[in-house]
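**Student:** how would this look folded up:
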Amino acid sequence: MIKLSLSSSRNCWASFYFFNIADMIRRQGSESIMVYCPFHNKKGSFHNIPDRYCKNLSDIIAINICKQGSDNMRIAICDDEVSMVQILEEKIKKLLPDAVIEKYLSGDELIASGSKPDILFLDIQMPGMDGMETAKVLRQDNEDMILIFVTAAEEYVFQAFDVGAFHYLVKPFSDEKLKEVVTKAVHNIKRSFKLEKDEKYIMVQTAGSHIKIFLRDIVYAEVYNRKVIIHTRSTDIEYYGKLQELSDMAGTDFFRTHRAYLVHFKYVEKYDATCVTMKNGTALIAKQNYPEFVKQYLKYNQRKGNEVR
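**Tutor:** Purely as a prediction, here's the structure:
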């Protein structure tokens, strides 16, 4: 939280607002900016400041910055009670005015939409597919989604952990509690986004599209028919390029076991003098590279504090 204070001078508006608040918003470096407006007269106001920014001594202006990158945050509400959907939508709009809100009246409708929200408010007791089953299906394609159950039934709280629930709101809940949960969820997303921005990745062109691949997701890579094939945790991506370029960028968590293979130590399951068994495949290892591979793998485990396999 960044707290800024206006002085009592009526002429401070231009220098304060345009150089401080505008700069903070432009940098988007905090979750919110709290602007305190003290006055020499408790009932006075700065007439040269827009009314929406300045009222009286007790007023606080909160400018919420809740953007994930350059895209507006996507929030989905799924509840078979129309009134609850409307109430949640209204309250969330007040907390996150720039968010894109999607509304669904059943789990089946939500799944059929193919939506991948950043935050999902999900009821549990619904006709057809209930909230727990809906969450299990959604988790298969959206591991990073913030899942918040909203229900009148307290007995499902332990099952909620099985599907990676972020929070469990029991109806009825106060505005303060909803604000607390939403604030924590936004902080979590912003923290994840910052970590993601700081992570190394490569951009590859394949089938006319440019794809971002984070190094952390690469299990191993190989060369075949002049193409580099990157095997990630969830898919395989082929592109025309040089394995050496990927190797140079990858760093010490990767090792070139063979002229045609690059492996990520993180996903090594076992190895011998001829091959390395990865999480989802096998990489060859050149005889002359084996001693150095073992040496670097030991160093990797020491760095990560893992037990050597």
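**Student:** Kindly report the domain assignment for the protein.
**Tutor:** 2-65, 71-198, 201-304 (automatic domain parsing).
**Student:** ok, residues contacting whichever helix or strand M249 is part of?
**Tutor:** Using DSSP states H and E, the element containing M249 is helix 243-250. Contacts with helix 243-250, where a contact means C-beta atoms under 8 Å, 6 or more residues apart in numbering, come from 200, 202, 215, 218, 221-223, 228, 230, 254, 256, 259-260, 262, 264. In this view, the C-beta of every residue, glycine as well, is placed from N, C-alpha and C.
**Student:** same thing but 7 Å
**Tutor:** With contacts defined as C-beta atoms under 7 Å, 6 or more residues apart in numbering, helix 243-250 is touched by 200, 202, 215, 221, 223, 228, 254, 256, 262.
**Student:** Show me which pair in those residues is furthest apart.
**Tutor:** Based on C-beta to C-beta, the longest span within these runs between K200 and V223 and measures 20.7 Å.
**Student:** out of these two, which sits in the more crowded spot?
**Tutor:** When K200 and V223 are compared for neighbours, V223 comes out ahead with 18 against 11, by other C-beta atoms under 10 Å.
**Student:** List the contacts of the more buried one.
**Tutor:** Contacts of V223 (C-beta under 7 Å, 6+ apart): 243, 260.
**Student:** In a helix, it, correct?
**Tutor:** No - applying DSSP: H, G, I helix; E, B strand; the rest coil, one finds V223 to be strand, outside a helix.
**Student:** CA atoms only for stretch 281-289, dumped as CSV, please.
**Tutor:** Output of stretch 281-289 as CSV, limited to C-alpha atoms (Å, rounded to 0.1, in the frame of the first residue of the first chain):
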residue,chain,number,x,y,z
GLY,A,281,10.5,-39.4,-22.8
THR,A,282,14.1,-40.6,-23.2
ALA,A,283,17.2,-38.7,-24.3
LEU,A,284,20.4,-40.2,-25.6
ILE,A,285,23.6,-39.4,-23.9
ALA,A,286,27.0,-39.5,-25.7
LYS,A,287,29.6,-41.6,-24.1
GLN,A,288,32.1,-38.7,-23.8
ASN,A,289,29.5,-36.5,-22.2
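**Student:** Identify each buried residue in that stretch, please.
**Tutor:** For stretch 281-289, the buried set under the neighbour-count rule, 16 or more other C-beta atoms under 10 Å, comprises 281-283, 285, 289.
**Student:** residue boundaries of the strands in the stretch 51-200 of the chain?
**Tutor:** Ranges of strands in the stretch 51-200 of the chain, per DSSP state E, counting those that start in this stretch, are 60-64, 67-68, 71-72, 74-78, 100-104, 119-122, 146-151, 167-170.
**Student:** Just put those strands in JSON lines and tack on distance to L88, mean pLDDT and mean neighbour count.
**Tutor:** Rendered in JSON lines, the data for the strands of the stretch 51-200 of the chain read as follows (distance: least, C-beta to C-beta, whole Å; pLDDT from 0 to 100; neighbours: other C-beta atoms under 10 Å):
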{"stretch": "strand 60-64", "distance to L88": "18", "mean pLDDT": "31", "mean neighbour count": "13"}
{"stretch": "strand 67-68", "distance to L88": "20", "mean pLDDT": "34", "mean neighbour count": "16"}
{"stretch": "strand 71-72", "distance to L88": "18", "mean pLDDT": "62", "mean neighbour count": "12"}
{"stretch": "strand 74-78", "distance to L88": "5", "mean pLDDT": "94", "mean neighbour count": "23"}
{"stretch": "strand 100-104", "distance to L88": "9", "mean pLDDT": "95", "mean neighbour count": "18"}
{"stretch": "strand 119-122", "distance to L88": "6", "mean pLDDT": "95", "mean neighbour count": "27"}
{"stretch": "strand 146-151", "distance to L88": "7", "mean pLDDT": "92", "mean neighbour count": "23"}
{"stretch": "strand 167-170", "distance to L88": "10", "mean pLDDT": "90", "mean neighbour count": "16"}
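**Student:** Alright, calling it a day.
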